[in-house]
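Asks: Take a look and give me a structure for this.
(chains A and B)
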Amino acid sequence: MAGVETSHEMGLHTEPLKGRDIKTMFSLDNEGTYAYAFAPDVDFNKRSSVDCEGKEATEINLEIRELIKTGHGTIVLENPGAKHSIIVGILHRMNFIVNGSLGYFGCGLLDGPSVRINGRVGWSFGENMMAGVCVVEKNAGSTFGAAIRGGDLVCKGSVGSRTGIDQKGGTILVGGDTGAFSGFMMQRGRMVVCGNAGKNLGDSMYDGTIYVGGEIRDLGVDAIPAELTDLDKAWLTRKLTQYEMMPEKGVDHFTKIVAGKQLWSYDNLEPSEKKLVL
Amino acid sequence: MCGIAGLIHRKGSSNVGQEMTNMLQALKHRGPDSTGFAVYGEPEENTFILRFKVAEQEDLAKSLKMGDEIVKRKAAVDETLKALGVVVKELAEATEYAYRYEIQYDGDMQKMADHVEDIDGAEILSVGSALELIKDLGDASVVSEAYGLDNFTGTHAIGHTRMATESDVDIRSAHPYWAYPYSDIAVVHNGQITNYWLMRRQLEREGQRFVSNCDSELLAVYTAVNLEKGLSLEESLTKSIDEIDGVFTYLVTTKDQLGMAKDSMAAKPMVLYESDDMVALASEEVAIRAIIPHEIDTWDPYDEEVRVWQA
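Replies: The predicted structure is shown next:
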């Protein structure tokens, strides 16, 4: 990371990102929507529902895929009964409404859809999300938004431990409290916790920004407080208003946490040591 | 991986046997090796429920003579109980090799337990005024049907579906654990205890006895010793977070309480539902949905969280 200029403004950084070219996954003829080349055309106004009562997760997911193939752009799930691994791997824009709660690994590997859960969700909700919006009206379990890369993941209630573990981008918003080790190994993106944060917040974070409205029990290794700028406040106001989560006190009282970057030690290594590490 | 579940009714009794069966069946995918229940009925004065076994399922398959051997072992248990002055009020055969006795006994519980367990193949599963501990190989519906749990009325219960990682697939290694010879205390645990041997040796030096090599049994003995010393259940659970090393979420039941504790890493799951009438908690929400199918508010307890509920 030699020559990296660091900036703590809203977790945005000025260094050029280097690496291998990203494989082109999108249709070049369809730049406006950034849809995958294999994504079916769906009509948001074409709505259908799936009753999950008495069905296995695989059965429900297959039913969803059949509806998508036939052009349904809005799908409502009834009686989900906290079943696991529902609405996963949806790679284009469409709407889901879940009237109830989901269990583990709900809405994983999403790239594009908008999902509203009128209930709570279990562990690892929204894992590896690339783009889109997921809004959970009640509480969520641990590892909420693990390794997400993009989109907005919103929980209006409280979430469990290790929220946003390995977060690589996107935004996680929590209306209530969050448990221990939230933001653990965070690499990019933003996390907003309107309530209290548990111990070891932002432990071993490489980059990114965490905003906390309540008390922080303690900070993890290399997580440090930073100045809350006007730019931060403007962004927080916009996001929290958008999802109707603005606290009564506004956003001035939020604490901003960023990486101290003391763990960025690779450049101090000798070439032989680098070989061992890398 | 293992799955744990607990429930407690705050306003009277319910069919906790069937409720716990439904909860554990929903957690079957977390551990298919064995299933166990600790159910708490309505105690009768001066009466204890003794649950014991004299063989394991696999013993029956190994030897054709095992049937005769079981008869001999049971007769030896009966003789021993009689010699100790134990009055058997009611005797029921739960399976070919497991029994449920209603007994009257006002002597030393440890002495009785030691004498019964001296008999080859005999193992006490539980002794309690309210507690009945049932565990065997198979999923919840199999065990529940075999032991007639579908109409068990009581106030609270805990249960466990086990994926064997640290010890064998047998009844001895199945949860829940009873803290030998303390009556009415049972524990189910999800996780691994890394200072198990250190703490076990300490407790053994203090005279405590362990019947298995499963790290979860430590939690039962540890809790029983703390309660014996005068700590409340909540104090014992809080103390355990500092003294027990490893990852754990565990549930403890006493004659009239249900408690939970979660380690400082919060690595093992728990979902909690609480209402004025009842509390239900389980490794996954699907287990709670098995007894409360309508939409409910649930949440995950946090790291180092301790909760105790009264029946």
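Asks: Could you give me the buried positions within the longest helix seen in chain B?
Replies: Ranked by residue count under DSSP state H, the longest helix found in chain B is helix B:66-83. Buried residues in helix B:66-83, counted by 16 or more other C-beta atoms under 10 Å in any protein chain shown: B:66, B:69-70, B:73-74, B:76-77, B:80-81. For every residue, glycine as well, the C-beta is placed using N, CA and C.
Asks: what helices or strands is that helix leaning on?
Replies: helix B:57-62, strand B:98-104, helix B:109-117 (3 or more C-beta pairs under 8 Å, 6 or more residues apart in numbering or on different chains; DSSP states H and E).
Asks: Give me the lowest-pLDDT entry from the buried residues of helix B:66-83.
Replies: In terms of pLDDT, the lowest of the buried residues of helix B:66-83 is residue B:66, showing 89.
Asks: residue contacts, that residue?
Replies: B:55, B:59-60 (C-beta atoms under 8 Å, 6 or more residues apart in numbering or on different chains).
Asks: what's the closest of the residues you listed to chain A?
Replies: Set against chain A, the nearest of the contacts of residue B:66 by C-beta to the nearest C-beta is residue B:60 (34.4 Å).
Asks: quick check, nearest of the buried residues of helix B:66-83 to chain A?
Replies: residue B:66 (39.6 Å).
Asks: related to what we said a few turns ago, export the helices and strands packed on helix B:66-83 to JSON lines and tack on mean pLDDT, distance to chain A and mean neighbour count?
Replies: Formatted as JSON lines, these follow (pLDDT from 0 to 100; distance: least, C-beta to the nearest C-beta, whole Å; neighbours: other C-beta atoms under 10 Å in any protein chain shown):
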{"stretch": "helix B:57-62", "mean pLDDT": "82", "distance to chain A": "30", "mean neighbour count": "14"}
{"stretch": "strand B:98-104", "mean pLDDT": "95", "distance to chain A": "34", "mean neighbour count": "18"}
{"stretch": "helix B:109-117", "mean pLDDT": "91", "distance to chain A": "40", "mean neighbour count": "17"}
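Asks: quick one: which of these is nearest residue B:179?
Replies: helix B:109-117 (11.2 Å; C-beta to C-beta).
Asks: could you point out which element follows that closest one?
Replies: Using DSSP states H and E, the next helix or strand after helix B:109-117 towards the C-terminus is strand B:123-128.
Asks: in its sheet, what does the next helix or strand after that next one sit against?
Replies: Where DSSP H and E defines the elements, the next helix or strand beyond strand B:123-128 is strand B:131-137. Next to strand B:131-137 in the sheet, as set by DSSP bridges, lie strand B:34-40 (antiparallel).
Asks: Show the average pLDDT along the following helix or strand past the partner strand.
Replies: Remark: after strand B:34-40, the chain's next helix or strand is strand B:48-53, criterion DSSP H and E. Strand B:48-53 comes out with an average pLDDT of 93.
Asks: Next up, the contacts around the residue lying closest to residue B:156 once chain neighbours are set aside.
Replies: In space, residue B:156 comes closest to residue B:8 once its chain neighbours are excluded; the distance is 3.8 Å by C-beta to C-beta, 6 or more residues apart in numbering or on different chains. Counting by C-beta under 8 Å, 6+ apart, residue B:8 touches B:155-157, B:257-258, B:278-279, B:309-311.
Asks: and with 6 Å instead?
Replies: Residue B:8 is in contact with B:156, B:258, B:279, B:309, B:311, counting by C-beta atoms under 6 Å, 6 or more residues apart in numbering or on different chains.
Asks: three-state assignment of it?
Replies: What DSSP: H, G, I helix; E, B strand; the rest coil gives for residue B:8 is strand.
Asks: In the sheet, which residues pair with it? Tell me.
Replies: Assigned bridge partners for residue B:8, using DSSP bridges, are residue B:156, residue B:279.
Asks: If whatever residue of the stretch 51-200 of chain B ends up closest to chain A is in a bridge, with which residues?
Replies: Residue nearest to chain A within the stretch 51-200 of chain B (C-beta to the nearest C-beta): residue B:190, separated by 13.2 Å. Beta-bridge pairing of residue B:190 under DSSP bridges involves residue B:249.
Asks: what about it, neighbour count?
Replies: 27 (other C-beta atoms under 10 Å in any protein chain shown).
Asks: Surely it and residue B:2 touch.
Replies: Yes. Counting by C-beta atoms under 6 Å, residue B:2 is a contact partner of residue B:190 at 4.7 Å.
Asks: Quick one: residues contacting residue 167.
Replies: Unless you meant another one, I'm taking chain A. Contacts of residue A:167 (C-beta under 6 Å, 6+ apart): A:148, A:186, A:189.
Asks: let's do chain B instead
Replies: By C-beta under 6 Å, 6+ apart, the neighbours of residue B:167 are B:173, B:213-214.
Asks: Thanks a lot, see you next time.
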